[in-house]
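K.L.:
below: sequence and its predicted model.
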Amino acid sequence: MNSPVSKRRRRHHTVPRFHLRGFASTDDKLVQLDVSTGQTSEVSVTDAAVIRDFYTVVLPDGSRSDAWEQRLGEVENDIAPALKRAIDVPNFRLSDKDRHRLALWIALQYLRGPDNRRQMAEIASFTVHAQVGMGGLAYLQYAMTRGLGRDVPLAEAEQVWSDITARGGPEIIVTGDEHLEILARTVEKATAAVYTRSWGRIRFRRHRLSVSDSPVSLVRGDTPDRLGVGLTSAPALTVPLDRQTCYGSPCQRRVSFRTETSNPTHCLRGHITRRPCSVRNASCTSTLTTTR
């Protein structure tokens, strides 16, 4: 007798539940803050940081698959014990295997979330805007004719031109397939970038940490706003592990904070505690964005 086909999962966690539990109450409850509205609500770990069909991909036959969601869940199950050891171990000395597992987890959290997908869309929009702007209307009409396989009248090209060259346009939507294809190509390099950084752990006694839907924070330091930072180029990284524990790569010399100190732990502590996302006796997640 054939086993029944399992139902496709549609509620996808962008932050693993095992990570969220480190910020929850004893009954697995969180206080969720929507930074766009300022509204808070109590949610369970099961319902926090969930986006419907976020990792769903379309297969060649047109069917939809949750294979990525399942695979991410398998990786998370393998990583969870390493995260617990990193939090609990008296002296922060990790085995090579645990360090690699946590580097993979941090890289995945950086690449998999909604913030990263928004950045992809912004880059794609900027690229299209720049290419069409340099080529002009005639080039756009030519490119549309080639791409659509038919003659494109000037009026149609002008309409698209107006959309692309409008302030803030064009609006590009990055699909799950496109996002995950880029993730698959870059996760190995991103993991190596995290693994080879200096690692540190910060304990908080008075302050309590919160987590967001983009838990990997890149510390810009004195990096000019016109320049981007990534896992390799950021002067420092921070990732809250639970309410009192934070992973941090020590500050480099070019990192500057409002408090004068040469101690890298103090540098990172100052960055973290200035985040506007702390909620006393609660935790923020899902729609909360990190300070860049």
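P.N.:
Looks like it came in fine.

K.L.:
alpha carbons only: can I get the helix or strand residue 184 falls within in PDB?
P.N.:
Assigned by DSSP states H and E, residue 184 belongs to helix 176-195. Extracted in PDB, the C-alpha atoms of helix 176-195 (Å, rounded to 0.1, in the frame of the first residue of the first chain):
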ATOM      1  CA  GLY A 176      11.700  32.500  -4.200                       C
ATOM      2  CA  ASP A 177      13.400  30.600  -7.000                       C
ATOM      3  CA  GLU A 178      15.700  33.500  -7.700                       C
ATOM      4  CA  HIS A 179      16.500  34.200  -4.100                       C
ATOM      5  CA  LEU A 180      17.300  30.500  -3.300                       C
ATOM      6  CA  GLU A 181      19.400  30.100  -6.500                       C
ATOM      7  CA  ILE A 182      21.600  33.000  -5.300                       C
ATOM      8  CA  LEU A 183      21.700  31.600  -1.800                       C
ATOM      9  CA  ALA A 184      22.900  28.200  -3.100                       C
ATOM     10  CA  ARG A 185      25.600  29.800  -5.100                       C
ATOM     11  CA  THR A 186      26.900  32.000  -2.300                       C
ATOM     12  CA  VAL A 187      26.400  30.100   1.000                       C
ATOM     13  CA  GLU A 188      29.700  28.300   0.900                       C
ATOM     14  CA  LYS A 189      31.700  31.500   0.400                       C
ATOM     15  CA  ALA A 190      29.600  33.300   3.000                       C
ATOM     16  CA  THR A 191      30.200  30.500   5.500                       C
ATOM     17  CA  ALA A 192      34.000  30.800   4.900                       C
ATOM     18  CA  ALA A 193      33.800  34.500   5.400                       C
ATOM     19  CA  VAL A 194      32.200  34.000   8.900                       C
ATOM     20  CA  TYR A 195      34.400  31.100   9.800                       C
END
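
K.L.:
can you list the buried residues in that helix?
P.N.:
176, 178, 179, 180, 183, 187, 190, 191, 192, 193, 194, 195 (16 or more other CB atoms under 10 Å). Glycine gets a C-beta too; all of them are placed from N, C-alpha and C.

K.L.:
quick one: low-confidence residue ranges for the stretch 1-150 of the chain.
P.N.:
Within the stretch 1-150 of the chain, the stretches with pLDDT under 70 are 1-6.

K.L.:
what segments of it are helices?
P.N.:
Secondary structure of the stretch 1-150 of the chain (DSSP state H, counting those that start in this stretch): helices at 17-20, 67-88, 96-112, 114-148.

K.L.:
of these, which is nearest residue 53?
P.N.:
When those are compared by CB to CB, helix 67-88 sits nearest residue 53, at 9.1 Å.
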